[in-house]
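Participant: here's a sequence, model it:
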Amino acid sequence: MSKRTSTAAADQATTVAAPAAKAIIDAGADAILKTSFTQAEDDARTLAHAATLLIEADSPEKVSIALDHNLKIWVAIKSLMQNGASPLPDEVKENLKNLAQYVSATTMQVTEGAIEESKLVSLARVNMHIAEGLLNGEQNRLIQERAYQIWESEGRPEGRAMDHWVQAEDEIRAELGDK
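Facilitator: The predicted structure follows:
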């Protein structure tokens, strides 16, 4: 199994590159806090970017930056889920808090000197799955809104919900270029 090291040399390299690294690390958390985890596309983009940094980290310095960046994002997510401001259902909030705990525990393994590449991939996959879920949820919301508009425009007929949903799906997917 491949391992990537996080050594004192990597920590020194991160310190030397501190301004650029700090900007990268803080950007993701700032984006999540700015949206309060309510802007699906923006939040998905932030998580996908963090996943990319994790996957593409090919040096101890880049591993350190990617892990710090990802951890700060998940600390921000956990904070938002705990402060009660999130409109998400309680079960979703609890799941996100549990994922944040997993991310934190996995990230802390790096302090032992090495992290298996599979752990970086695991963290990246968590991010990608949450990003995908956010985007799917947003798409379903758009479809639901469009189906309602169609239903209203047709005079609110009974028994045509499935027809309206399918038409709305087709229209939204065409708009999103998702055929």
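Participant: where do the strands sit along this structure?
Facilitator: Listed in chain order, the strands of the chain (DSSP state E) span 3-5, 114-116.
Participant: any weak-confidence spans in the chain?
Facilitator: Scanning the chain for pLDDT under 70 picks out 1-26, 28-29, 35-38, 110-115, 178-179.
Participant: at 80 what do you get?
Facilitator: In the predicted model, the chain carries pLDDT under 80 at residues 1-40, 84-86, 109-116, 137-138, 176-179.
Participant: most centrally placed residue in it?
Facilitator: Per C-alpha atoms, centre = their mean, the C-alpha nearest to the average position across the chain is that of Leu47, at 3.1 Å.
Participant: residues touching that residue, list them.
Facilitator: By C-beta atoms under 8 Å, 6 or more residues apart in numbering, the contact list for Leu47 reads Ile73, Asn127, Met128, Ile130, Ala131, Leu134. For every residue, glycine as well, the C-beta is placed using N, CA and C.
Participant: 10 Å - rerun?
Facilitator: Contact analysis of Leu47 by C-beta atoms under 10 Å, 6 or more residues apart in numbering lists 28, 31-32, 70, 73-74, 77, 124, 126-134.
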